[in-house]
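A.B. asks: Sequence plus predicted model, see below.
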Amino acid sequence: MKMVKSLILGSAAGLLAMSGAQAADLPVKAKAVEYVRICSLYGAGFFYIPGTDTCIKLGGYLRVDTTFNGSIYDQPAWSGDLGQGNRYRDYFAARSRMALTVDTRTATEYGVVRTFGQADFQFGTQGNNTVNPAVFTGSGSAGTSTALLYQPGEGYVAVEYVFIQFAGFTFGKSSSAFATPWNGYPGNNTSFLLGGHDTVTGVNNIQYTAQFGNGVSGTIGLDDPVVFNRTAVYNLAYGLNATGNGGNAYAGVHAPDVVGNIRVDQAWGLFQISAAAHEVNGSYDFLNGVAVPAGAIGLPAASPTALSEIGGHPDTKWGGAVMAALQIKNIPTGAGDDFKIDATYARGDTKQVISTSAASPSFMMFGGTSRPGAYQSIGFGATTDAVWLPNHATTGAVAALGDNQLKLTEAWGVRGAFNHNWDPYWSSSLFGSYSAVRYRGSVGDLTSAKGAYCAAYVVGKVVSADFTCNPDFNVSQLGVVTRWTPVKNLTFSAEVMWFHLDQKYTGAAVMGPSAPKPTTAYEFKDQDTVSLNVRVQRNF
């Protein structure tokens, strides 16, 4: 018994000793944990970056859509293999995209310092709308395209807005000061609603915005025009192809676009007036006039030659554009309904009218015909900022003398949408646009845009007795989109859009459009197409 008692007391003493040793090893106080704090200064979704006074918001969307009888994001079948309707065209094209946005704000004695960026991770139908081998080449004449980065497991990252805002200034890639808040999207899904300005994916710029009070503001800016505000300048000495296009002979950029707006924001809506000044310049009078075929090695059209620098060039001219925009909210048709419209006039600045979220299109469409002897009908329109005909009769294919002066192209357009909410889950938008491109002057007057253009176009063509040349054209669009939002931030939509090309040539001509079209007689005729886009999008 005495032995058992000794064992129990010894064990208890050992346990107490071990407990004391462990207690001596524990920290006196646990280190404080820094939890994420909500930042309510700039709206929902912001939180403080730990250890700083900067608020950050992460967001974006995931979008999947498919276009039938068109290209990605509901581009109509208005050019290329889609416009030809040949066997290389894809009947549908799809894209999956995840957009990620990062928005930071920091309060300072100069006001809020903001940074914003958006990156789009995307994968789509390879070639966008065609399997024509001429597209799948890296030659200088055919160029390259991000649409070719859609091999299995590939895709690419596109950069949209990337900018800094400080004390009223914006530096970086953002919408132009010329733009409306809705850019090219008054109520549509399509990224190809013409009739006005669209820099929704951002253009490199510097701009300053002043707030005058009572919702009145003014913005002035300098834009880089190379990508988002240039169409083409044609040296007509080298002729034009069957669809009225030539090599782009724009010279380098010497000056940024000067843009600005005055805007009024009120409870009833918005009113805005915008203006832009744009430099138009041609490269040289003597250029390479014959483009190397697709896939071959050589000079593309309008490339320089050894005679270019000593052969002269046209003088630079300035063009520009003006726009008026109106939004009316709280209209009596329903809660949240609104109406948006903008109208634009441009001279030498056609991208302000024939504009998409990417490049300006030229148009080439084929259809049926009832004209005896004609293979098909054709309609086309060349989108340019200017044309010129040099005063050297031997510079190219056109044996005629011009005045070597740039002739600025005129354009005007209007677009808009009525947006209606049927109930909290269903909504629809009716949208449309009308655009016109004009080459001033008359046929036979080589000192005018129209006269010089037509002198170049008829070279090498056999035309009918009733043929008349007129490069002017109009384009119209009308569409409707209906959306279903079963739960917050998840939307299913379907959009149908009609596109009409109103071309001004008459009669017929023997010509050779791009392959696989044959060289034969085609009737000049207006053209139409209809596209369908279906989309699902989840915002977060």
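C.D. replies: Okay, I see it. Numbering: from 1, shown residues only.
A.B. asks: Mind listing the strands the host helix or strand of residue 104 pairs with, and their directions?
C.D. replies: Applying DSSP states H and E as the criterion places residue 104 in strand 92-108. The strands that strand 92-108 pairs with in its sheet are strand 55-68 (antiparallel), strand 111-124 (antiparallel) (by DSSP bridges).
A.B. asks: Give me the buried stretch members for stretch 330-348, please.
C.D. replies: Residues 337, 338, 339, 340, 341, 342, 343, 344, 345, 346, 347, 348 are the ones in stretch 330-348 that count as buried (16 or more other CB atoms under 10 Å). Placement of C-beta: from N, CA and C, glycine included.
A.B. asks: Bridged to the closest residue to residue 121 other than its chain neighbours, which residues?
C.D. replies: Spatially, and ignoring its direct neighbours in sequence, residue 121 is nearest to residue 98 (4.8 Å; CB to CB, 6 or more residues apart in numbering). Beta-bridge pairing for residue 98 (DSSP bridges): residue 62, residue 121.
A.B. asks: Residue 491 now?
C.D. replies: residue 537.
A.B. asks: Burial check on it, number of neighbours?
C.D. replies: Per other CB atoms under 10 Å, the neighbour tally for residue 491 reads 19.
A.B. asks: what sits against it?
C.D. replies: By CB atoms under 8 Å, 6 or more residues apart in numbering, the contact list for residue 491 reads 483, 484, 485, 535, 536, 537, 539.
A.B. asks: secondary structure class for the nearest residue to residue 198 once chain neighbours are set aside?
C.D. replies: With CB to CB, 6+ apart as the criterion, residue 198 has its nearest non-adjacent residue at 3.3 Å, and that residue is residue 184. The local conformation at residue 184, judged by DSSP: H, G, I helix; E, B strand; the rest coil, is coil.
A.B. asks: residue boundaries of the helices in the stretch 151-300 of the chain?
C.D. replies: Using DSSP state H, counting those that start in this stretch, the helices of the stretch 151-300 of the chain run over 225-228.
A.B. asks: In it, what residue spans correspond to strands?
C.D. replies: 156-166, 169-174, 203-213, 216-223, 233-235, 257-266, 269-280 (DSSP state E, counting those that start in this stretch).
A.B. asks: How much space separates the closest residue to residue 490 other than its chain neighbours from residue 488?
C.D. replies: Among residues not flanking residue 490 along the chain, residue 538 sits closest, at 5.1 Å (CB to CB, 6+ apart). Going from residue 538 to residue 488 by CB to CB, to the nearest Å gives 10 Å.
A.B. asks: Give me the more crowded residue out of those two.
C.D. replies: Legend: neighbour count by other CB under 10 Å for residue 538 and residue 488, higher for residue 538 (14 against 8).
A.B. asks: wait, doesn't the more buried one sit right on residue 61?
C.D. replies: Yes. Look at residue 538 against residue 61 with CB atoms under 8 Å: they come within range, at 6.4 Å.
A.B. asks: Roughly how far does the residue nearest in space to the middle of the chain sit from residue 509?
C.D. replies: Note on the chain: the residue nearest the mean C-alpha position is residue 357, at 1.2 Å, using CA atoms, centre = their mean. Residue 357 sits 34 Å away from residue 509, taking CB to CB as the criterion.
A.B. asks: Then residue 488?
C.D. replies: 57 Å.
A.B. asks: Excluding chain neighbours, what is closest to the residue nearest to the centre of the chain?
C.D. replies: Of all residues not flanking residue 357 in the chain, residue 191 sits nearest, at 4.3 Å (CB to CB, 6+ apart).
A.B. asks: re the thing from before, now do the contacts for the residue nearest to residue 490.
C.D. replies: Residues near residue 538 by CB under 8 Å, 6+ apart: 61, 62, 63, 489, 490.
A.B. asks: And the third one, how close does it get to residue 99?
C.D. replies: With distances taken as CB to CB, residue 63 is found 7 Å from residue 99.
A.B. asks: Ok, the last one next?
C.D. replies: Computed as CB to CB, the residue 490 to residue 99 distance reads 15 Å.
A.B. asks: of these two, who's got more company?
C.D. replies: Set side by side, residue 490 and residue 99 show more neighbours around residue 99, with 19 against 14, by other CB under 10 Å.
A.B. asks: Give the full set of residues in contact with the more buried one.
C.D. replies: Counting by CB under 8 Å, 6+ apart, residue 99 has contacts 60, 61, 62, 63, 118, 119, 120, 121, 160.
A.B. asks: what's the spacing between it and residue 69?
C.D. replies: Taking CB to CB, one finds residue 99 at 26 Å from residue 69.
A.B. asks: do the same with residue 180
C.D. replies: Relative to residue 69, and taking CB to CB, residue 180 is found at 29 Å.
A.B. asks: before we move on, what about residue 254?
C.D. replies: From residue 254 to residue 69 the distance is 42 Å (CB to CB).
A.B. asks: In terms of packing, which of those two has more residues around it?
C.D. replies: Taking other CB under 10 Å, residue 254 and residue 69 do not tie; residue 69 has more neighbours (20 against 8).
A.B. asks: Neighbouring strands of the helix or strand harbouring residue 483 in the sheet, and parallel or not?
C.D. replies: Per DSSP H and E: residue 483 is located in strand 473-487. Strand 473-487 has the following strand partners under DSSP bridges: strand 426-438 (antiparallel), strand 490-503 (antiparallel).
A.B. asks: which residues sit in contact with residue 316?
C.D. replies: With contact taken as CB under 8 Å, 6+ apart, residue 316 is in contact with 251, 254, 279, 280, 281, 406.
A.B. asks: quick one: pLDDT of it?
C.D. replies: We have a pLDDT of 97 for residue 316.
A.B. asks: Just read off the phi/psi values of it.
C.D. replies: According to degrees, to the nearest 10, the main-chain angles of residue 316 amount to phi -70, psi 140.
A.B. asks: What's the separation between it and residue 78?
C.D. replies: Counting by CB to CB, the gap from residue 316 to residue 78 is 31 Å.
A.B. asks: ditto for residue 508
C.D. replies: In this view, residue 508 and residue 78 are 21 Å apart by CB to CB.
A.B. asks: buried sites along the strand holding residue 483?
C.D. replies: 473, 474, 475, 476, 477, 479, 480, 481, 483.
A.B. asks: Let me see the confidence value for the residue lying closest to the last one once chain neighbours are set aside.
C.D. replies: Leaving out its chain neighbours, the residue that sits closest to residue 483 by CB to CB, 6+ apart is residue 493, at 4.2 Å. The per-residue pLDDT reported for residue 493 equals 98.
A.B. asks: Would you quantify the distance from residue 493 to residue 431?
C.D. replies: For residue 493 relative to residue 431 (CB to CB), the value is 13 Å.
A.B. asks: so what sits against both of the two?
C.D. replies: In contact with both residue 493 and residue 431: residue 481, using CB under 8 Å, 6+ apart.
A.B. asks: So if I had to pick from these two, which one is more boxed in?
C.D. replies: Neighbours per residue (other CB under 10 Å) separate residue 493 from residue 431, with residue 431 holding more: 24 against 19.
A.B. asks: For the residue lying closest to that one once chain neighbours are set aside, pull up the helix or strand it's in.
C.D. replies: Closest residue in space to residue 431, ignoring its immediate chain neighbours: residue 417 at 3.7 Å, by CB to CB, 6+ apart. Assigned by DSSP H and E, residue 417 belongs to strand 410-421.
A.B. asks: Parallel or antiparallel, list what pairs with that strand.
C.D. replies: Sheet pairing for strand 410-421, assigned by DSSP bridges, gives strand 338-347 (antiparallel), strand 426-438 (antiparallel).
A.B. asks: want to throw these into TSV with mean pLDDT?
C.D. replies: Below are the strands paired with strand 410-421 laid out as TSV (pLDDT from 0 to 100):
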stretch	mean pLDDT
strand 338-347	98
strand 426-438	98
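A.B. asks: Which among these is found nearest to residue 520?
C.D. replies: strand 426-438 (27.5 Å; CB to CB).
A.B. asks: tell me what the next helix or strand after the closest one is packed against?
C.D. replies: Once the chain leaves strand 426-438, the next helix or strand it forms, by DSSP H and E, is helix 449-457. Helix 449-457 sits against strand 386-388, strand 407-408, with contacts defined as 3 or more CB pairs under 8 Å, 6 or more residues apart in numbering; DSSP states H and E.
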